[in-house]
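**Student:** quick one, fold the following:
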Amino acid sequence: MPPDKDQLRLQVEKVSNLPTLPGIVTRIAEMVDSPETTGRQLGREIAKDQVISAKVLKLVNSGFYGFSEPISTIQHAVTLLGFNTVKSLVLSSTVLDLMKDSLPGLWEHSLACARTCSIIAGHIELDEQEEISTAGLLHDLGKVILRQTMEREFRRIANYVDRADMLFYQAEEKVLGVNHGEMGGWLLEKWALPPKLVEPIVDHHDFRPNRDYAENTAILHLADILCRAQAFGSGGDRKIPRLAPSALETLKLTIDDVCEIMGRMHEELRDIPRM
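**Tutor:** This next block holds a predicted model:
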């Protein structure tokens with residue numbers, strides 16, 4: 001029988017080796033929201049933390065935005081990407097190393113999903129695209145939590161995936177009663193991040209058009225499935241989740257639109273390994 005969900009959440013939140021949100025992110029958020037902040041000031045604030053600066057530059061140059069020339073300074077990143085995007089990068093850099101060290105192919109899949117979210121958001125002309133791109137990068141954070149904090153349960157889940165050829169999230173629900181979307185949401189809520197970012201991550205395997213932030217959730221749901229279908233990185237299993245037809249309806253996308261999006265993925269994600 002799966003454990004009690006409240007007890008499981010408490011167990012996750014008490015684990016000492018989960019990442020904490022650096023104070024710099026709070027300061028960056030406050031500066032971004034202030035109309036008086038200049039790009040130079042924002043760049044200087046980020047540069048005060050050498051670890052965060054290095055990780056942000058590593059992320060910028062990892063293919064996340066597909067720049068052909070390397071970006072060598074935080075100031076350059078702020079100028080090219082804008083305040084909100086850099087804020088998202090500061091957040092994403094917090095879990096960059098954890099994601100790379102957790103599951104083979106998870107970082108590549110997450111990177112592809114982030115960029116595919118941007119492609120879809122641009123296709124439907126979404127006004128604010130930074131948060132959905134960040135949601136794409138962080139959507140499998142719950143798998144990192146699971147791998148780092150519950151080794152025994154992780155092995156049981158992996159066993160179900162291998163022997164029963166199950167989707168990873170279905171095996172999680174069988175063992176734990178929750179999936180990685182909800183577990184990732186617990187950590188993001190602990191970080192006091194906005195629901196607009198958290199809810200799509202929580203619901204990306206359970207899209208329901210009547211939920212809050214359905215448009216962003218539909219984008220993430222579709223991006224994850226398209227990245228699985230084209231084998232960008234690995235989500236930890238060998239199957240492709242079912243696409244909810246209501247997600248396409250929410251986004252007002254046709255099959256022709258999806259084919260066009262997949263064509264752009266083929267062109268813009270050439271640098272991401274397929275597995």
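**Student:** longest helix in the chain, by residue count?
**Tutor:** Ranked by residue count, the top helix of the chain under DSSP state H comes out as helix 106-123.
**Student:** buried ones in that helix?
**Tutor:** 106-121, 123 (16 or more other Cβ atoms under 10 Å). Where you see a C-beta, it was placed from the backbone N, CA and C, and this is true even at glycine.
**Student:** ditto for stretch 167-178
**Tutor:** Applying 16+ other Cβ under 10 Å to stretch 167-178 flags 167-173, 175-176, 178 as buried.
**Student:** what helix or strand does R242 sit in?
**Tutor:** Here R242 sits in a region with no helix or strand, counting by DSSP states H and E.
**Student:** let me fix that, I meant to ask about V56.
**Tutor:** Secondary structure assignment for V56, by DSSP H and E: helix 50-59.
**Student:** for that helix, packing partners?
**Tutor:** helix 39-47, helix 74-81, helix 83-93, helix 96-102 (3 or more Cβ pairs under 8 Å, 6 or more residues apart in numbering; DSSP states H and E).
**Student:** deepest-packed of these, please.
**Tutor:** helix 83-93 (a mean of 23; mean count of other Cβ atoms under 10 Å).
**Student:** which helices and strands sit right next to that helix?
**Tutor:** So helix 83-93, by 3+ Cβ pairs under 8 Å, 6+ apart, packs with helix 23-33, helix 39-47, helix 50-59, helix 74-81, helix 130-138.
**Student:** give me the low-pLDDT residue ranges for this structure?
**Tutor:** 1, 13-22, 63-66, 94, 96-97 (pLDDT under 70).
**Student:** on that earlier part again, go through the buried residues of stretch 167-178 and say which is closest to A223.
**Tutor:** Distance ranking of the buried residues of stretch 167-178 against A223, using Cβ to Cβ, places Y169 first at 15.5 Å.
**Student:** distance of the closest residue to R274 other than its chain neighbours from M275?
**Tutor:** Computed as Cβ to Cβ, 6 or more residues apart in numbering, the closest residue to R274 that is not its neighbour in sequence is A231, at 4.4 Å. Going from A231 to M275 by Cβ to Cβ, to the nearest Å gives 6 Å.
**Student:** more crowded one of those two?
**Tutor:** When A231 and M275 are compared for neighbours, A231 comes out ahead with 16 against 11, by other Cβ atoms under 10 Å.
**Student:** ranges for the helices of the stretch 101-250 of the chain?
**Tutor:** 106-123, 130-138, 141-149, 151-164, 168-176, 180-190, 195-202, 214-229, 245-251 (DSSP state H, counting those that start in this stretch).
**Student:** which helices and strands sit right next to the longest one?
**Tutor:** I take that to be helix 106-123. When contacts are defined as 3+ Cβ pairs under 8 Å, 6+ apart, helix 106-123 packs onto helix 96-102, helix 130-138, helix 214-229, helix 255-268.
**Student:** among those helices, which comes closest to N84?
**Tutor:** Closest among the helices and strands packed on helix 106-123, using Cβ to Cβ: helix 130-138, at 4.5 Å.
**Student:** can you list the domains in this protein?
**Tutor:** Domain segmentation of the chain under automatic domain parsing yields 1-19+95-275, 20-94.
**Student:** which of those domains sits most buried?
**Tutor:** domain 1-19+95-275 (a mean of 19).
**Student:** pop out the phi and psi values for R274.
**Tutor:** phi -100, psi 150 (degrees, to the nearest 10).
**Student:** gap between it and S102?
**Tutor:** Using Cβ to Cβ, we find R274 at a distance of 20 Å from S102.
**Student:** again, but for I201
**Tutor:** 16 Å.
**Student:** now P2, what's its secondary structure?
**Tutor:** Classification of P2 using DSSP: H, G, I helix; E, B strand; the rest coil returns coil.
**Student:** how far out from the middle of the chain is stretch 247-266?
**Tutor:** Relative to its chain's centre, stretch 247-266 lies at 20 Å (Cα atoms, centre = their mean, to the nearest Å).
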